[in-house]
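Novice: take this sequence and fold it.
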Amino acid sequence: MVSIFLSTVLKIADLSHDVKLLRISVPNNFEFLAGQYVSITIVDADGKKIRRPYSIASSPSKKGFIELCVKKVDGGLASNFIHNLKKGDIAEFLGPVGNFVINENSKNKDLIFVSTGTGIAPFASMIPSLLENGFKNKIILISGFRFEENILYNDEFSRLKKRYGNFEFYNVLSRPKNESFENKGHVQNFLVKYIPENFDGHFYICGLSQMVDGVKEKLNDLRIANEKIFFEKY
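Specialist: Next up is the predicted model:
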């Protein structure tokens, strides 16, 4: 059920030089589906309340808190507000909201997740949730970043890969500092490399509009039907 609630900042930490992890308290009855988001309430210079959405980046199995993955945007009212929060601060949120969740028809399919930047946030909720709940089909995550230091959730996904034999993930860097980095370029250029032969599963895409459109176009070129593609743009 969607509601407005006050949260206490339980933890705030750097995930990279411009991305913070924000862990906040939630009400005892707070329930959400992996892939949903909450909106933070902030007050602009004119005293007007505005809301900005952020995907929940923690599994629904974690109780008492949720985590957000927030990139600092130059001039971004909400992102700058969040980046200035400290442990113990109070903020107002609305949620959970959103329909970018695992489709019922996907639950017996192999799945490929494609993201760039903080578009990985809903997948940091979806993928652990699937695996924790006994999902046995193959899961592949292809995530794109600019530099090595921009990579998010690498340790978390490495642990999942060690624990679950049906999960694999690959980072793609558009401007790696190490010239020998294996996957140099953009995520849409690595779909052919990592989509298994005769793949009959579903795709989930999250990131900036240009990337999402590029991946969808590439999948259509590969004769992937639109009903097998689920996406969220920001």
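
Novice: buried residues, stretch 162-174. List them.
Specialist: Buried residues in stretch 162-174, counted by 16 or more other Cβ atoms under 10 Å: Tyr164, Phe167, Phe169, Tyr170, Asn171, Val172, Leu173, Ser174. C-beta: built from backbone N, CA, C; applies to glycine.

Novice: also stretch 224-234?
Specialist: Residues of stretch 224-234 classed as buried: Ile224, Lys228, Ile229, Phe230, Phe231, Glu232 (neighbour count, 16+ other Cβ under 10 Å).

Novice: now do the residue nearest to the spatial centre of the chain against Gly88, distance only.
Specialist: The centroid of the chain falls nearest to Ala121 when counting by Cα atoms, centre = their mean (1.9 Å). According to Cβ to Cβ, to the nearest Å, Ala121 stands 24 Å off from Gly88.

Novice: what of Lys218?
Specialist: 46 Å.

Novice: cool, Ser158 as well?
Specialist: Separation of Ser158 from Gly88 (Cβ to Cβ): 31 Å.

Novice: these two: which has the busier surroundings?
Specialist: A direct count of neighbours by other Cβ atoms under 10 Å for Ser158 and Gly88 places Ser158 higher, at 11 against 8.

Novice: pull the longest helix from this protein.
Specialist: helix 209-221 (DSSP state H).

Novice: state the mean pLDDT of the helix or strand following it.
Specialist: Where DSSP states H and E defines the elements, the next helix or strand beyond helix 209-221 is strand 229-233. Across strand 229-233, the average pLDDT comes to 95.

Novice: in this protein, which spans are helices?
Specialist: Going by DSSP H, the chain shows helices at 77-83, 123-132, 154-163, 191-194, 209-221.

Novice: extract the CA atoms of the shortest one and return them as PDB.
Specialist: The C-alpha atoms that make up helix 191-194 are tabulated as PDB, following Å, rounded to 0.1, in the frame of the first residue of the first chain:
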ATOM      1  CA  LEU A 191      24.400  -8.400 -26.300                       C
ATOM      2  CA  VAL A 192      25.400 -10.800 -29.100                       C
ATOM      3  CA  LYS A 193      28.400 -11.900 -27.000                       C
ATOM      4  CA  TYR A 194      26.400 -12.700 -23.900                       C
END
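
Novice: which intervals of this structure have sub-threshold pLDDT?
Specialist: Scanning the chain for pLDDT under 70 picks out nothing.

Novice: hmm, back to that, for the buried residues of stretch 162-174, give me TSV that also has distance to Ile112.
Specialist: As requested, the buried residues of stretch 162-174 are exported to TSV (distance: Cβ to Cβ, whole Å):
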residue	distance to Ile112
Tyr164	16
Phe167	11
Phe169	11
Tyr170	11
Asn171	15
Val172	13
Leu173	19
Ser174	20
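
Novice: what residue in the chain is the furthest from its centre?
Specialist: Asp46 (31.8 Å).

Novice: for Ile139, state which of the buried residues of stretch 224-234 is nearest.
Specialist: Proximity of the buried residues of stretch 224-234 to Ile139 (Cβ to Cβ) peaks at Phe230, which lies at 14.2 Å.
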